[in-house]
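[1] how would this look folded up:
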Amino acid sequence: MTDTQIFHDSPVDRAFRAKRFSGRLAIYALLILWALICLFPIYWTLTTSFKMAPDVMKGHMVPWVDFTPKWLGWKSLGLSPDTLGDESTVRAEFLKRFSNSAIVSVVSSVLAVVLGSLAAYGLSRFSYKFAWMRNSDISFFFLSQLILPPVVLALPMLVLYKELALLDTRIGLILLYTLSVLPIVIWIMRDQFSSIPTELEEAALVDGLSIWGAFLTIILPIALPGMVAAFILSLVLTWNEYFFAALLTSTHSNTLPVMVASQTGSQGISWWSMAALAWAAILPLIVIGVVLERYIIKGMAAGAVK
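    Presented below is the predicted three-dimensional model:
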(Lines give C-alpha, C1' and ligand atoms only; values in the text may rest on other atoms or scores of the structure.)
Protein backbone atom coordinates (compact mmCIF):
# COMPACT_ATOMS: atom_id res chain seq x y z
CA MET A 1 0.00 0.00 0.00
CA THR A 2 1.42 3.37 -1.01
CA ASP A 3 1.65 6.51 1.09
CA THR A 4 -1.05 8.15 -1.06
CA GLN A 5 -3.52 5.36 -0.36
CA ILE A 6 -2.72 5.54 3.33
CA PHE A 7 -3.37 9.30 3.27
CA HIS A 8 -6.71 8.94 1.51
CA ASP A 9 -7.84 6.26 3.94
CA SER A 10 -6.81 8.22 7.01
CA PRO A 11 -9.46 9.09 9.64
CA VAL A 12 -8.92 12.80 9.07
CA ASP A 13 -9.69 12.43 5.36
CA ARG A 14 -12.77 10.31 6.01
CA ALA A 15 -14.03 12.84 8.54
CA PHE A 16 -13.49 15.64 6.03
CA ARG A 17 -15.42 13.79 3.31
CA ALA A 18 -18.23 12.99 5.74
CA LYS A 19 -18.43 16.64 6.83
CA ARG A 20 -18.50 17.84 3.23
CA PHE A 21 -21.19 15.29 2.32
CA SER A 22 -23.35 16.26 5.30
CA GLY A 23 -22.95 19.94 4.41
CA ARG A 24 -24.07 19.35 0.82
CA LEU A 25 -26.94 17.18 2.03
CA ALA A 26 -28.13 19.96 4.35
CA ILE A 27 -27.91 22.55 1.55
CA TYR A 28 -29.88 20.36 -0.87
CA ALA A 29 -32.47 19.63 1.81
CA LEU A 30 -32.96 23.35 2.44
CA LEU A 31 -33.21 24.03 -1.31
CA ILE A 32 -35.80 21.29 -1.75
CA LEU A 33 -37.77 22.62 1.22
CA TRP A 34 -37.66 26.16 -0.18
CA ALA A 35 -38.73 24.89 -3.63
CA LEU A 36 -41.71 23.11 -2.08
CA ILE A 37 -42.69 26.26 -0.19
CA CYS A 38 -42.47 28.35 -3.38
CA LEU A 39 -44.37 25.81 -5.50
CA PHE A 40 -47.09 25.10 -2.95
CA PRO A 41 -49.32 28.11 -3.90
CA ILE A 42 -49.22 26.99 -7.54
CA TYR A 43 -50.11 23.43 -6.51
CA TRP A 44 -52.90 24.68 -4.26
CA THR A 45 -54.33 26.86 -7.03
CA LEU A 46 -54.28 24.02 -9.55
CA THR A 47 -55.92 21.51 -7.21
CA THR A 48 -58.55 24.03 -6.10
CA SER A 49 -59.71 24.42 -9.70
CA PHE A 50 -60.72 20.72 -9.61
CA LYS A 51 -62.48 20.80 -6.22
CA MET A 52 -66.14 20.97 -5.27
CA ALA A 53 -67.32 23.49 -2.67
CA PRO A 54 -67.14 21.09 0.33
CA ASP A 55 -63.58 20.07 -0.60
CA VAL A 56 -62.51 23.71 -0.71
CA MET A 57 -64.02 24.49 2.68
CA LYS A 58 -62.57 21.38 4.32
CA GLY A 59 -59.09 22.10 3.00
CA HIS A 60 -58.63 18.84 1.16
CA MET A 61 -55.26 18.89 -0.59
CA VAL A 62 -54.37 15.53 -2.22
CA PRO A 63 -56.33 14.50 -5.34
CA TRP A 64 -57.80 10.98 -5.38
CA VAL A 65 -56.92 10.70 -1.67
CA ASP A 66 -58.76 13.57 0.02
CA PHE A 67 -61.13 14.34 -2.85
CA THR A 68 -62.14 13.23 -6.33
CA PRO A 69 -61.13 15.83 -8.95
CA LYS A 70 -63.96 17.42 -10.94
CA TRP A 71 -63.87 19.87 -13.84
CA LEU A 72 -66.13 22.35 -12.01
CA GLY A 73 -63.75 25.34 -12.15
CA TRP A 74 -62.78 24.79 -15.79
CA LYS A 75 -66.38 24.07 -16.79
CA SER A 76 -67.42 27.47 -15.46
CA LEU A 77 -64.97 29.00 -17.97
CA GLY A 78 -66.02 26.76 -20.84
CA LEU A 79 -62.58 25.11 -20.83
CA SER A 80 -63.46 21.61 -19.61
CA PRO A 81 -63.19 18.68 -22.08
CA ASP A 82 -67.00 18.36 -22.38
CA THR A 83 -67.51 22.08 -23.13
CA LEU A 84 -64.62 22.87 -25.50
CA GLY A 85 -66.65 21.89 -28.56
CA ASP A 86 -69.62 24.06 -27.60
CA GLU A 87 -70.08 27.79 -27.93
CA SER A 88 -69.51 29.59 -24.65
CA THR A 89 -69.86 33.28 -23.87
CA VAL A 90 -67.75 32.83 -20.74
CA ARG A 91 -64.91 31.25 -22.75
CA ALA A 92 -65.15 34.04 -25.32
CA GLU A 93 -64.93 36.60 -22.52
CA PHE A 94 -61.95 34.79 -21.00
CA LEU A 95 -60.12 34.71 -24.34
CA LYS A 96 -60.81 38.43 -24.82
CA ARG A 97 -59.41 39.25 -21.37
CA PHE A 98 -56.45 36.96 -22.02
CA SER A 99 -55.64 38.66 -25.31
CA ASN A 100 -55.99 42.09 -23.67
CA SER A 101 -53.52 41.10 -20.96
CA ALA A 102 -51.10 39.58 -23.48
CA ILE A 103 -51.15 42.54 -25.87
CA VAL A 104 -50.96 45.23 -23.20
CA SER A 105 -48.21 43.56 -21.13
CA VAL A 106 -46.02 42.51 -24.07
CA VAL A 107 -46.23 45.84 -25.92
CA SER A 108 -45.67 47.93 -22.79
CA SER A 109 -42.75 45.72 -21.70
CA VAL A 110 -41.09 45.98 -25.13
CA LEU A 111 -41.52 49.77 -25.14
CA ALA A 112 -40.15 50.02 -21.60
CA VAL A 113 -37.10 47.91 -22.46
CA VAL A 114 -36.36 49.92 -25.62
CA LEU A 115 -36.77 53.34 -23.98
CA GLY A 116 -35.17 52.24 -20.71
CA SER A 117 -32.14 50.76 -22.48
CA LEU A 118 -31.53 53.98 -24.38
CA ALA A 119 -31.86 56.07 -21.21
CA ALA A 120 -29.67 53.68 -19.21
CA TYR A 121 -26.98 53.66 -21.90
CA GLY A 122 -26.85 57.44 -21.86
CA LEU A 123 -26.63 57.54 -18.07
CA SER A 124 -23.82 54.97 -18.02
CA ARG A 125 -21.71 56.48 -20.80
CA PHE A 126 -22.23 60.25 -20.75
CA SER A 127 -22.24 62.97 -18.07
CA TYR A 128 -25.38 65.06 -17.78
CA LYS A 129 -26.19 68.20 -15.85
CA PHE A 130 -29.76 69.42 -15.38
CA ALA A 131 -29.93 72.29 -12.86
CA TRP A 132 -28.36 70.78 -9.72
CA MET A 133 -28.93 67.20 -10.91
CA ARG A 134 -26.14 64.94 -12.15
CA ASN A 135 -26.28 61.37 -13.47
CA SER A 136 -26.76 59.81 -10.04
CA ASP A 137 -29.49 62.33 -9.19
CA ILE A 138 -31.28 61.67 -12.47
CA SER A 139 -31.11 57.92 -11.87
CA PHE A 140 -32.53 58.34 -8.38
CA PHE A 141 -35.26 60.60 -9.77
CA PHE A 142 -36.42 57.77 -12.03
CA LEU A 143 -36.40 55.31 -9.14
CA SER A 144 -38.25 57.75 -6.86
CA GLN A 145 -41.28 57.53 -9.14
CA LEU A 146 -41.94 54.10 -7.62
CA ILE A 147 -42.33 55.58 -4.14
CA LEU A 148 -45.64 57.23 -5.01
CA PRO A 149 -48.56 54.87 -4.23
CA PRO A 150 -50.86 54.19 -7.20
CA VAL A 151 -53.97 55.38 -5.34
CA VAL A 152 -52.55 58.92 -5.30
CA LEU A 153 -52.58 58.91 -9.10
CA ALA A 154 -56.09 57.51 -9.39
CA LEU A 155 -58.05 60.76 -9.72
CA PRO A 156 -55.51 62.62 -11.92
CA MET A 157 -55.18 59.65 -14.28
CA LEU A 158 -58.95 59.21 -14.43
CA VAL A 159 -59.51 62.86 -15.33
CA LEU A 160 -56.62 62.93 -17.80
CA TYR A 161 -57.70 59.76 -19.58
CA LYS A 162 -61.27 61.01 -19.80
CA GLU A 163 -60.09 64.23 -21.48
CA LEU A 164 -57.84 62.29 -23.87
CA ALA A 165 -60.53 59.67 -24.65
CA LEU A 166 -58.23 56.88 -23.45
CA LEU A 167 -60.61 55.26 -20.98
CA ASP A 168 -61.28 51.58 -21.64
CA THR A 169 -58.61 51.38 -24.36
CA ARG A 170 -55.57 49.18 -24.75
CA ILE A 171 -53.46 52.17 -25.77
CA GLY A 172 -54.23 53.89 -22.48
CA LEU A 173 -53.08 50.88 -20.47
CA ILE A 174 -49.99 50.43 -22.63
CA LEU A 175 -48.89 54.03 -22.09
CA LEU A 176 -49.49 53.85 -18.33
CA TYR A 177 -47.82 50.46 -17.89
CA THR A 178 -44.81 51.56 -19.92
CA LEU A 179 -44.28 54.54 -17.63
CA SER A 180 -44.84 52.45 -14.50
CA VAL A 181 -42.10 49.87 -15.25
CA LEU A 182 -39.69 52.24 -17.01
CA PRO A 183 -37.78 53.20 -13.79
CA ILE A 184 -37.07 49.54 -12.99
CA VAL A 185 -35.82 48.88 -16.52
CA ILE A 186 -33.54 51.93 -16.38
CA TRP A 187 -31.92 50.80 -13.14
CA ILE A 188 -31.42 47.22 -14.34
CA MET A 189 -29.98 48.25 -17.69
CA ARG A 190 -27.78 50.97 -16.21
CA ASP A 191 -25.97 48.34 -14.18
CA GLN A 192 -25.73 46.14 -17.27
CA PHE A 193 -24.13 48.84 -19.41
CA SER A 194 -21.86 49.98 -16.57
CA SER A 195 -20.42 46.45 -16.34
CA ILE A 196 -19.41 46.52 -20.03
CA PRO A 197 -15.92 48.03 -20.58
CA THR A 198 -15.88 51.27 -22.54
CA GLU A 199 -12.78 50.03 -24.38
CA LEU A 200 -15.05 47.90 -26.58
CA GLU A 201 -16.83 50.98 -27.90
CA GLU A 202 -13.58 52.87 -28.29
CA ALA A 203 -12.16 50.05 -30.38
CA ALA A 204 -15.33 50.00 -32.49
CA LEU A 205 -15.09 53.76 -33.05
CA VAL A 206 -11.46 53.40 -34.12
CA ASP A 207 -12.57 50.74 -36.63
CA GLY A 208 -14.95 53.26 -38.19
CA LEU A 209 -18.28 52.53 -36.50
CA SER A 210 -20.48 55.36 -35.31
CA ILE A 211 -21.76 55.60 -31.73
CA TRP A 212 -25.07 54.06 -32.81
CA GLY A 213 -23.24 51.38 -34.76
CA ALA A 214 -21.12 50.46 -31.74
CA PHE A 215 -24.21 50.45 -29.53
CA LEU A 216 -26.25 48.22 -31.85
CA THR A 217 -23.53 45.79 -32.95
CA ILE A 218 -21.24 45.58 -29.91
CA ILE A 219 -23.04 46.63 -26.74
CA LEU A 220 -26.58 45.31 -27.27
CA PRO A 221 -25.54 41.67 -27.91
CA ILE A 222 -23.52 41.70 -24.68
CA ALA A 223 -26.36 43.31 -22.72
CA LEU A 224 -29.02 40.98 -24.19
CA PRO A 225 -29.37 38.78 -21.06
CA GLY A 226 -30.01 41.87 -18.97
CA MET A 227 -32.58 43.12 -21.45
CA VAL A 228 -34.37 39.76 -21.35
CA ALA A 229 -34.38 39.84 -17.55
CA ALA A 230 -35.76 43.40 -17.57
CA PHE A 231 -38.39 42.38 -20.12
CA ILE A 232 -39.54 39.40 -18.05
CA LEU A 233 -39.72 41.48 -14.87
CA SER A 234 -41.72 44.14 -16.70
CA LEU A 235 -43.97 41.47 -18.18
CA VAL A 236 -44.72 39.98 -14.76
CA LEU A 237 -45.48 43.38 -13.23
CA THR A 238 -47.76 44.52 -16.06
CA TRP A 239 -49.45 41.13 -16.44
CA ASN A 240 -50.44 41.09 -12.76
CA GLU A 241 -51.41 44.77 -12.45
CA TYR A 242 -54.96 45.17 -11.18
CA PHE A 243 -55.57 48.65 -9.75
CA PHE A 244 -55.32 50.77 -12.90
CA ALA A 245 -56.86 48.04 -15.07
CA ALA A 246 -59.94 48.05 -12.86
CA LEU A 247 -60.00 51.87 -12.66
CA LEU A 248 -59.45 52.78 -16.30
CA THR A 249 -61.27 49.96 -18.11
CA SER A 250 -64.84 48.74 -18.04
CA THR A 251 -65.87 46.58 -21.00
CA HIS A 252 -63.53 46.34 -23.97
CA SER A 253 -60.04 46.39 -22.43
CA ASN A 254 -60.44 44.56 -19.12
CA THR A 255 -57.55 42.26 -18.27
CA LEU A 256 -57.31 38.89 -16.55
CA PRO A 257 -56.65 40.21 -13.00
CA VAL A 258 -59.93 42.14 -13.19
CA MET A 259 -61.73 39.00 -14.31
CA VAL A 260 -60.20 37.00 -11.44
CA ALA A 261 -61.40 39.57 -8.91
CA SER A 262 -64.89 39.51 -10.43
CA GLN A 263 -65.45 35.96 -9.18
CA THR A 264 -66.60 37.39 -5.85
CA GLY A 265 -70.31 38.15 -5.58
CA SER A 266 -73.30 38.37 -3.28
CA GLN A 267 -73.44 34.57 -3.03
CA GLY A 268 -69.82 34.29 -1.95
CA ILE A 269 -66.56 33.51 -3.70
CA SER A 270 -66.43 30.99 -6.52
CA TRP A 271 -63.10 29.51 -5.42
CA TRP A 272 -62.96 26.87 -8.16
CA SER A 273 -63.56 29.42 -10.92
CA MET A 274 -61.11 31.88 -9.38
CA ALA A 275 -58.49 29.13 -9.08
CA ALA A 276 -58.99 28.06 -12.71
CA LEU A 277 -58.68 31.67 -13.87
CA ALA A 278 -55.61 32.25 -11.70
CA TRP A 279 -53.93 29.11 -13.04
CA ALA A 280 -54.69 30.11 -16.63
CA ALA A 281 -53.21 33.53 -15.84
CA ILE A 282 -49.95 32.31 -14.30
CA LEU A 283 -49.33 29.46 -16.76
CA PRO A 284 -47.88 31.72 -19.51
CA LEU A 285 -45.50 33.31 -17.01
CA ILE A 286 -44.35 29.87 -15.85
CA VAL A 287 -43.66 28.80 -19.42
CA ILE A 288 -41.76 32.02 -20.19
CA GLY A 289 -39.74 31.68 -16.99
CA VAL A 290 -38.76 28.09 -17.76
CA VAL A 291 -37.86 28.80 -21.39
CA LEU A 292 -35.83 31.94 -20.64
CA GLU A 293 -34.35 30.80 -17.32
CA ARG A 294 -30.74 31.01 -18.48
CA TYR A 295 -31.22 34.58 -19.69
CA ILE A 296 -32.78 35.56 -16.36
CA ILE A 297 -29.83 34.18 -14.39
CA LYS A 298 -27.26 35.80 -16.70
CA GLY A 299 -29.10 39.11 -16.64
CA MET A 300 -29.39 39.23 -12.86
CA ALA A 301 -25.75 38.22 -12.32
CA ALA A 302 -24.10 40.23 -15.11
CA GLY A 303 -23.79 43.45 -13.13
CA ALA A 304 -22.96 41.83 -9.81
CA VAL A 305 -19.18 41.65 -10.37
CA LYS A 306 -17.38 44.62 -11.92
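[2] Okay, buried residues for the one helix or strand M227 maps to please.
    According to DSSP states H and E, M227 maps onto helix 220-239. Buried residues in helix 220-239, counting neighbours by 16 or more other CB atoms under 10 Å, are found at 223, 225-239. Backbone N, C-alpha and C define where each C-beta goes, glycine included.
[3] now stretch 178-198
    Neighbour counts using 16+ other CB under 10 Å place 178, 180-193, 195-196 of stretch 178-198 among the buried residues.
[4] Sketch out the low-pLDDT regions of the stretch 201-306 of the chain for me.
    Applying pLDDT under 70 to the stretch 201-306 of the chain picks out residues 265-267, 295-306.
[5] now swap in the stretch 1-150 of the chain and tell me
    1-9.
[6] mind listing the strands in it by residue range?
    In order along the chain, the stretch 1-150 of the chain carries no strands (DSSP state E, counting those that start in this stretch).
[7] thinking again about what came up before, take the buried residues of stretch 178-198 and keep only those in helices.
    Counted as lying in helices by DSSP state H, out of the buried residues of stretch 178-198, are 178, 180-193.
[8] Next, give me the two most distant ones among those.
    Farthest apart among these by CB to CB are S180 and F193. That separation is 22.1 Å.
[9] Tell me how far the nearest residue to A204 once chain neighbours are set aside lies from L166.
    Closest residue to A204 apart from its sequence neighbours, by CB to CB, 6 or more residues apart in numbering: A214 at 3.8 Å. Counting by CB to CB, to the nearest Å, the gap from A214 to L166 is 38 Å.
[10] Same check on L158?
    10 Å.
[11] now A281
    Taking CB to CB, one finds A281 at 24 Å from L166.
[12] ok, now G213?
    Per CB to CB, G213 is found 37 Å from L166.
[13] before we move on, what about Y28?
    From Y28 over to L166 the distance is 52 Å, taken as CB to CB.
[14] So which of these two has more stuff around it?
    Using other CB atoms under 10 Å as the criterion, Y28 and L166 rank with L166 on top: 19 against 10.
[15] I figured the more buried one was touching I174, is that so?
    No: in this structure L166 lies outside contact range of I174 using CB atoms under 8 Å: 9.9 Å.
[16] residue nearest the centroid of the chain?
    Note on the chain: the residue nearest the mean C-alpha position is V236, at 2.6 Å, using CA atoms, centre = their mean.
[17] so which strand or helix has the nearest residue to it once chain neighbours are set aside?
    Among residues not flanking V236 along the chain, L285 sits closest, at 6.0 Å (CB to CB, 6+ apart). L285 belongs to helix 271-291 when assigned by DSSP H and E.
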